[in-house]
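J.: I would like to see how this sequence folds:
(2 chains)
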Amino acid sequence: MDAFVMQNLMNWLVLSSIYALVALGFSLLFGVLNVIHFSHGDVSIVAPFVVLATVQALIATAFPAATPGALVLACAAAIVVVGLIGVLADWLVIRRFRNAPAMMALVATVALGTVIRELIRMIYPQGSNPKPFPNLIETRLMIGDLTVPVFSLFVIAVSVLMMIVLYVVMRHTPLGMRIRAVAEDRNIARLMAISPSRIYAATFFIASAVGAIGGIFYASYAGVVRFDFGIQLGLIGFSAAVIGGLGSMQGAILGSLLIAGIDTLVQATMAEGASYRLVFAFLLVIFVLVLKPSGILGRTVMEKV
Amino acid sequence: MMTGTSKITLAARRASGADLAIIAGIELGGALLLGFFLLTDDWRLIVALLAVFAAGFALLQIRPAIEDRIVSAFHAARAQALGLGAVVVLVYPFMMQGSSYALHLLVIAQLYAVLALALNFQLGSANIPNFATGASYGIGAYCSALLAIDFGVSFWLTLPIAALVATGFGFVLGFPSMRTRETYLALVTIAFGIVVHQLLNNFSWTGGPNGLVGIPAPTIAGHSFTAPIELFGQRLPSQANFYYLAAALVALAIVCARRLHDSRVGLAWNALRCDELAARCQGINVVWYKMMAFAVDAFLAAFAGSVYAAYVSYISPDNFTFLVSVTIMTMVIVGGMDNTLGVIVGAFLLTLLPEKLRIFADYRLLFVSVIVILFLILRPQGLFPQRPRSYGGR
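T.: Down below sits the predicted model:
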């Protein structure tokens, strides 16, 4: 296979991994809460800003020069902070719409997304401007005549690892069992001495922390981050989760592979591909939903009469 | 038959002096509040007016009896209420002290009122999520602008053509709605909106990201809409032309809304909202009525788009993004689903608030979003909740 194809296959896998990290959050939250957390993309994109701020703070105090250690520490801090922001978003806003019609929750979380974007813009110094974001791993591997950035391999590896961890947590730990119990029936779960509000907080933390990893990778992949990147990241992650089938983790991954696939394909083959990539990605979304109205792996809703 | 039933409602109670006083008080008070709000630059006065507005609704929240009394007054003296309302709308530009900025805000607010009413057919009446109203708005605007610039077609002819083209797209968008539902349908409309926005951004014949410039203003009987109106020795800024055009459009949208609400179409939409399956069992053609909701929404939104294009004479894809659709949706929900007056008030509030909060400069988007969230939490039924249908004999 020639280098061009390999290069694009690599891009495809990296993009899918990033999208999947965000899509998994959407799917997890919908599965448990039956709520579309539309500001999930914006919550996730807070992470790169926390990384930048922490790195600067560390350079100013503990580490005299930019070392890899500072970056790792900053990423860890960002993941925890963003996880907590997710919990906070639920506690302040989203939990008040548990019993409201789905559209109200959707509009409220869209407004919440605007709040988060505006807060990033205001709190971060000169937040309106795009910020350069460091490449997490600069090293490149030479395999034959092909240059593979270690960063790409790292992104793919971390995403796959996160998927496995999420799967194990959801299927084989007491916490995952509780989360699934609450998703199944909130009231019965309460009778079983499970506190739904704690489970919601835990779910929001997990989803937002995984999204934060996606946000950091997204910024690092693009090399730049701006306060409103969350809209596009959120829309693509949401679309991936929906066309895969909301509530299904495999679906979220499949949806990400599909959307990233058409994204890479269009950019690689069309002359003006970069400007038409969103057109084709969202045409694919419409096409999939016309064929499979509840997503590819979504459960068909049976209605009782 | 429907007019017959509404006449019974009218005759249910004769209008008393108290009714007329309530109506005059509310309409003139509302107009006065809006006028002060538009004309002042003092942020303290703006906050005070908002407080008065909020206090009014807090009062309604605490004492629902007041709301019922007002509604019954408007029912009893509907003709007088409409007459006074029409006079207020006609005279309003003369009260704006020749401020073209205030008139500009009114034009934009009225166009958004039309868009919100358009969406209300779907979201309010039938509970079909649609995040593509902004796209229909854009299709209408681009269609009429391209016809006017490239082919020199008169504005009055582009208006119906643009509406028909957008209606066609509305039907196309309604097609997937036959099978998808709720969140999945919401995503289809989001995707449609993004595709339209991206295509407008990329095609060379739509001017790409730069958009279209120099859209000619309409003329009527030799009077160009860019010229000021001179009437009774008063001189109104040129925006007044579009103010009256937009007001006519709002009136058209209100008439459509009322007629459709009272017709079997509106009933069918309400039935869909309550229970789709039950509606189907009653012999309602669910698919047809859903597609129709999309088409009506696109039709009215395209009207608003045409007027907008002619008014600002410059359009770009960024006027018609996903966030515009979300704003329109917020207007409907904040105003009150399936309540014509509520939706209009919601549109005015959400158009004027960000403009008037310019004093908070960078913080205004944050403010507006926080207000919207608080609003959804505190008064989830909207400013004016939907009222049960009444067929006389209260």
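J.: quick one, what contacts residue B:108?
T.: When contacts are counted by C-beta atoms under 8 Å, 6 or more residues apart in numbering or on different chains, residue B:108 touches residue B:351. Where C-beta positions appear, they are placed from N, C-alpha and C, glycine not excepted.
J.: Mind exporting the C-alpha coordinates of the helix or strand harbouring it to PDB?
T.: Using DSSP states H and E, residue B:108 sits within helix B:100-120. C-alpha atoms of helix B:100-120 as PDB (Å, rounded to 0.1, in the frame of the first residue of the first chain):
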ATOM      1  CA  SER B 100     -33.800  54.900  13.300                       C
ATOM      2  CA  TYR B 101     -32.100  52.500  15.800                       C
ATOM      3  CA  ALA B 102     -35.300  51.900  17.700                       C
ATOM      4  CA  LEU B 103     -37.200  51.200  14.400                       C
ATOM      5  CA  HIS B 104     -34.400  48.900  13.300                       C
ATOM      6  CA  LEU B 105     -34.700  46.900  16.400                       C
ATOM      7  CA  LEU B 106     -38.500  46.700  16.000                       C
ATOM      8  CA  VAL B 107     -38.100  45.500  12.400                       C
ATOM      9  CA  ILE B 108     -35.700  42.700  13.400                       C
ATOM     10  CA  ALA B 109     -37.900  41.800  16.400                       C
ATOM     11  CA  GLN B 110     -40.900  41.500  14.200                       C
ATOM     12  CA  LEU B 111     -39.100  39.300  11.700                       C
ATOM     13  CA  TYR B 112     -38.000  37.000  14.500                       C
ATOM     14  CA  ALA B 113     -41.600  37.000  15.700                       C
ATOM     15  CA  VAL B 114     -42.600  35.700  12.300                       C
ATOM     16  CA  LEU B 115     -39.900  33.000  12.500                       C
ATOM     17  CA  ALA B 116     -40.900  32.000  16.000                       C
ATOM     18  CA  LEU B 117     -44.600  31.800  14.900                       C
ATOM     19  CA  ALA B 118     -43.500  29.700  11.900                       C
ATOM     20  CA  LEU B 119     -41.600  27.300  14.200                       C
ATOM     21  CA  ASN B 120     -44.500  27.300  16.700                       C
END
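J.: Name the residues of that helix that are buried.
T.: Buried positions in helix B:100-120, judged by neighbour count with 16 or more other C-beta atoms under 10 Å in any protein chain shown: B:102-120.
J.: In chain B, which residue is most central in space?
T.: Centre of chain B computed as the mean C-alpha position; nearest residue by C-alpha atoms, centre = their mean is residue B:113, 1.9 Å away.
J.: Which residues lie in contact with it in this structure?
T.: Shown in contact with residue B:113 (C-beta under 8 Å, 6+ apart): B:250, B:253, B:343-344, B:347-348.
J.: farthest-separated two in the residues you listed?
T.: Across the contacts of residue B:113, the longest distance by C-beta to C-beta is 13.8 Å; it joins B:253 and B:348.
J.: What's the local residue count around residue A:9?
T.: 13 (other C-beta atoms under 10 Å in any protein chain shown).
J.: do you know how far it is from residue A:264?
T.: Applying C-beta to C-beta, to the nearest Å, the value for residue A:9 to residue A:264 is 8 Å.
J.: Just the terminal-to-terminal distance for stretch B:371-384.
T.: Using C-alpha to C-alpha, to the nearest Å, one end of stretch B:371-384 lies 17 Å from the other.
J.: Residue B:117 and residue B:264: what is the separation?
T.: From residue B:117 over to residue B:264 the distance is 20 Å, taken as C-beta to C-beta.
J.: go on, residue A:284?
T.: 38 Å.
J.: tell me the SS of residue B:216?
T.: Recorded secondary structure, residue B:216: coil (DSSP: H, G, I helix; E, B strand; the rest coil).
J.: what number of residues lie near it?
T.: Neighbours around residue B:216, by other C-beta under 10 Å: 17.
J.: Contacts only, for it.
T.: Residue B:216 makes contacts with B:148-149, B:155, B:310, B:313, as judged by C-beta under 8 Å, 6+ apart.
J.: cool, residue A:299 as well?
T.: For residue A:299, the residues meeting the contact criterion (C-beta under 8 Å, 6+ apart) are A:245, A:247-248.
J.: circling back: chain center to the helix holding residue B:108: distance?
T.: 6 Å (C-alpha atoms, centre = their mean, to the nearest Å).
J.: What is whichever helix or strand comes after it packed up against?
T.: Under the assignment DSSP H and E, the closest C-terminal helix or strand after helix B:100-120 is helix B:133-151. Secondary-structure packing of helix B:133-151 (3 or more C-beta pairs under 8 Å, 6 or more residues apart in numbering or on different chains; DSSP states H and E): helix B:100-120, helix B:155-174, helix B:182-202, strand B:212-213, helix B:286-312, strand B:314-315, helix B:322-335.
J.: any idea of the angle helix B:133-151 forms with helix B:322-335?
T.: 130 degrees (axes from the mean of the first three to the mean of the last three C-alpha atoms, to 10 degrees).
J.: got the angle between helix B:133-151 and helix B:182-202?
T.: 30 degrees.
J.: CA atoms only for helix B:133-151 - export them in CSV, please.
T.: Backbone C-alpha positions of helix B:133-151 (Å, rounded to 0.1, in the frame of the first residue of the first chain) are rendered in CSV as follows:
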residue,chain,number,x,y,z
THR,B,133,-35.9,27.2,10.7
GLY,B,134,-32.8,29.2,10.4
ALA,B,135,-32.0,27.2,7.2
SER,B,136,-35.5,27.9,5.7
TYR,B,137,-35.0,31.6,6.6
GLY,B,138,-31.7,31.5,4.8
ILE,B,139,-33.1,29.7,1.8
GLY,B,140,-35.8,32.4,1.5
ALA,B,141,-33.3,35.2,1.9
TYR,B,142,-30.8,33.8,-0.6
CYS,B,143,-33.5,32.8,-3.1
SER,B,144,-35.1,36.3,-3.2
ALA,B,145,-31.7,38.1,-3.1
LEU,B,146,-30.4,36.0,-6.0
LEU,B,147,-33.5,36.5,-8.1
ALA,B,148,-33.4,40.3,-7.4
ILE,B,149,-29.6,40.7,-8.1
ASP,B,150,-29.1,38.3,-11.0
PHE,B,151,-32.4,38.6,-12.8
